[in-house]
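Colleague: just coords:
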């Protein structure tokens, strides 16, 4: 597959995912639902109706009847089973976006058109070909086909990729009354993750979600590292947007910032964590003698062994990098007053290392100044701190090194 065709294929996946997201957002009742990859790409179920929708995205190619032929054959097969009572009664929808050729369907679809262009096809047999008639093999009469056409809607002028995406963002914003950043990085990102998760479930019953359930699942406070969302945005642009939203300040304010970072024991290296600590101190500490309110950041490292943390702190101290951890002497208990002491030019404290989450919470509760928590997690978040006075940003990452690209 060439790079261009690979991009087109990925955009096709996104187009289908986005249509699924838009479908569930536009449901009228909280108890109405969508089903992913069941009868068709997206099935919409309300209290009274079931609609099976298939979508096509061919932004660079011309519309031809052959593009939707297999979809219509599949739908007529399902329609036949519904007449027999073995499948539910369904309305059928085909939506497609094409570069040109849409006028080929401007005259509509009648029974003769349906049979000629969608239900008649050739098939190899030996050295030759035979003509097959799908409607005849199904035993569908013209009256049956007229009934099928009443249930069929074909839209070959469906929204363009970016237009559909903008509609999703606008719909989310109207529902949650949030900022443009939150629309994309929280709600849309989470929406994409939910739809992707549903689409790979083995059982059809597990690929169903109501509007109420969907809205609850996307309303989270964690920025997921969703590979599909990052693919859509681009990793560099993804990190740049996070940096702009949370870590760009013209004049760094003297807040008490807690950086909670998670390491993967299987790929952890001390040098990488040290470089991150140096970066945090350089960017988020001000210890100049002229600084009226000097400060430095806190760091908690999740997933590192206690013995390794001791070795790391010892190495930093040996190198003359001044830190405190709330333990004032060998064997001393954690002293919250010690760790929340002011960092100054005189004492040269460049970072405060918090050894446990319980100590993080004690420190947060003991500080009266403005506090901010930045939690970077590899899997699920590992620390909950609900206080309306404290900004708590949760960002999922793939690797520890990603943090340096964000902060």
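Modeller: Nice, thanks for sending it over. Here the structure is a predicted model, which is why all the values come from computation and not from measurement. Residues are numbered from 1 along each chain as shown.
Colleague: the strands in the stretch 101-250 of the chain, which residues?
Modeller: Here the stretch 101-250 of the chain has its strands, by DSSP state E, counting those that start in this stretch, at 120-125, 128-133, 152-155, 208-210, 222-223.
Colleague: can you put the ones you listed in JSON lines and add mean pLDDT, mean neighbour count and distance to residue 277?
Modeller: Any C-beta I mention is one placed from the backbone N, CA and C, and that applies to glycine too. Listed next are these as JSON lines, based on pLDDT from 0 to 100; neighbours: other CB atoms under 10 Å; distance: least, CB to CB, whole Å:
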{"stretch": "strand 120-125", "mean pLDDT": "89", "mean neighbour count": "11", "distance to residue 277": "66"}
{"stretch": "strand 128-133", "mean pLDDT": "90", "mean neighbour count": "10", "distance to residue 277": "70"}
{"stretch": "strand 152-155", "mean pLDDT": "97", "mean neighbour count": "16", "distance to residue 277": "56"}
{"stretch": "strand 208-210", "mean pLDDT": "96", "mean neighbour count": "18", "distance to residue 277": "42"}
{"stretch": "strand 222-223", "mean pLDDT": "88", "mean neighbour count": "20", "distance to residue 277": "23"}
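Colleague: Output those strands as CSV; include the columns distance to residue 272.
Modeller: Formatted as CSV, the strands of the stretch 101-250 of the chain follow (distance: least, CB to CB, whole Å):
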stretch, distance to residue 272
strand 120-125, 59
strand 128-133, 63
strand 152-155, 52
strand 208-210, 39
strand 222-223, 22
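Colleague: For burial, what's the neighbour tally of the closest residue to residue 118 other than its chain neighbours?
Modeller: Nearest residue to residue 118, sequence neighbours excluded (CB to CB, 6 or more residues apart in numbering): residue 72, at 4.3 Å. Using other CB atoms under 10 Å, residue 72 has 23 neighbouring residues.
Colleague: Could you say which helix or strand holds residue 72?
Modeller: Per DSSP states H and E, residue 72 falls inside helix 65-84.
Colleague: buried ones in that helix?
Modeller: 65, 67-69, 71-76, 78-80 (16 or more other CB atoms under 10 Å).
Colleague: what's the answer for stretch 40-52, then?
Modeller: Judged by neighbour count using 16+ other CB under 10 Å, the buried positions of stretch 40-52 are 40, 41, 42, 43, 44, 45, 51, 52.
Colleague: Rounded mean pLDDT for it, please.
Modeller: For stretch 40-52, mean pLDDT rounds to 91.
Colleague: Could you list which residues are in contact with the residue nearest to residue 118?
Modeller: Listed by CB atoms under 8 Å, 6 or more residues apart in numbering, the contact set of residue 72 reads 94, 114, 118, 119, 152.
Colleague: Tell me the pLDDT of it.
Modeller: Residue 72 is assigned a predicted lDDT (pLDDT) of 97.
Colleague: any idea how far residue 63 is from it?
Modeller: 14 Å (CB to CB, to the nearest Å).
Colleague: How about the residue nearest to residue 160 when sequence neighbours are not counted: which residues does it bridge to?
Modeller: Nearest residue to residue 160 in three dimensions, chain neighbours excluded: residue 97, at 5.8 Å (CB to CB, 6+ apart). In this entry, residue 97 is beta-bridged to residue 57, residue 157, by DSSP bridges.
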